[in-house]
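Q: Give me a model of this one.
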Amino acid sequence: MSNILDDEQLKNGSKIAMKVSKVSIFINMLLFIIKLMAGILANSGAMISDAIHSASDVFSTFIVIIGVKIGGQNIDEKHQYGHEKLECIVAIFLAVLLGLTGLGIGYEGIGRIEKALSEDLPAPGILALIAAMLSILVKEWMYWYTRNSAKKINSPSLMADAWHHRSDAFSSIGSLIGIGGSIIGFRILDPLAAIIIAIIILKVSYDIAKDAVEKIVDVSCDEKIVEEIKRLTLEEVGVKGIDSLKTRIFGAKFYIDLEISVDGNISLSEAHTIAERVHTKIEESFSDAKHCMVHVNPEY
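A: The predicted structure is shown next:
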């Protein structure tokens with residue numbers, strides 16, 4: 001029954017991820033074209049850089065599709081614990097891509113500071129300003145749309161893609177400030193804003209990579225989940241105490257290894273029934289629990 005539910009959850013999660021990814025690709029391609037044309041026509045290097053950032057979002061979304069497809073595969077003979085960790089590897093790849101994007105924007109910003117100081121940087125046109133405002137609104141909406149879907153199916157790679165949308169919105173804010181400042185005569189505002197945005201993007205990249213790595217190396221669940229598992233276990237009739245409790249995050253799911261003590265004078269069948277009740281209660285209480293192993297120790 002548990003395997004059937006897991007398969008259904010994987011299929012539903014995959015459908016949601018595919019829908020979000022298709023919307024993301026369409027919108028990012030549209031934004032890329034609009035921002036690139038605005039950057040060229042309005043003579044704005046910041047807007048052209050912003051357009052390149054949108055193009056990187058299209059690439060990252062294709063990677064998310066691959067990650068969700070791989071991570072959502074059913075259990076097989078060679079992967080008896082599933083494929084969820086592969087999605088975390090995709091999230092790490094996305095974090096690297098995001099980090100490289102941030103470094104590129106920062107490098108471009110430093111170069112533009114030199115041009116601004118030498119007064120060799122022409123002021124951009126109003127069309128670039130309009131494109132920046134449009135990008136901020138659309139990308140912020142995409143962030144929340146993707147983030148809510150990622151939380152719904154607990155997808156690390158989709159959450160990484162959501163932050164990629166947010167980083168693009170930050171980048172457009174930097175472009176808006178810089179373009180606006182350049183238009184009114186403060187040429188250096190454009191490159192300075194770009195460098196600040198680059199730092200923010202690098203921080204987001206680090207957070208995504210850190211989260212994905214923790215899920216790969218079997219880090220334990222947070223204290224709130226552990227305490228809830230203890231509470232559910234100890235309130236079960238027949239459980240005398242908890243001898244050992246270990247948890248480990250496995251991709252978007254987690255495993256529980258639990259040792260409980262029961263009355264040593266009851267039969268093996270009765271002890272097994274108690275363990276089965278604990279197992280079922282915990283797995284039904286946590287939708288992200290991939291499996292709960294319960295071992296029984298006698299207490300005399």
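Q: Against G241, how distant is N297?
A: 9 Å (CB to CB, to the nearest Å). In short, each C-beta sits where N, CA and C put it, glycine included.
Q: try N28
A: Distance, N28 to G241, using CB to CB: 54 Å.
Q: next one: L31
A: If you go by CB to CB, the gap between L31 and G241 works out to 58 Å.
Q: And for K35?
A: As judged by CB to CB, K35 and G241 stand 62 Å apart.
Q: go on, I274?
A: Computed as CB to CB, the I274 to G241 distance reads 12 Å.
Q: Among these two, which residue is more densely surrounded?
A: For I274 and G241, the more surrounded residue by other CB atoms under 10 Å is I274, and the numbers stand at 20 against 12.
Q: For the protein, list the residue farthest from the centre, please.
A: With distances taken from the mean C-alpha point of the chain and given as CA atoms, centre = their mean, the most distant residue is N265, at 49.6 Å.
Q: That residue belongs to a strand, doesn't it?
A: No: for N265, which was evaluated using DSSP: H, G, I helix; E, B strand; the rest coil, the result is coil, with no strand membership.
Q: ok, and the closest non-adjacent residue to it?
A: Spatial nearest neighbour of N265, chain neighbours left out: Y300 (7.4 Å); criterion: CB to CB, 6 or more residues apart in numbering.
Q: Same question for P124.
A: Distances taken as CB to CB, 6+ apart put S44 closest to P124, at 3.6 Å, once the chain neighbours are dropped.
Q: And for the one you found, the neighbour number?
A: Neighbours of S44 under the rule other CB under 10 Å: 29.
Q: Pull the contacting residues for it.
A: When the contact criterion is CB atoms under 8 Å, 6 or more residues apart in numbering, the partners of S44 are 38, 124-125, 128, 175, 179.
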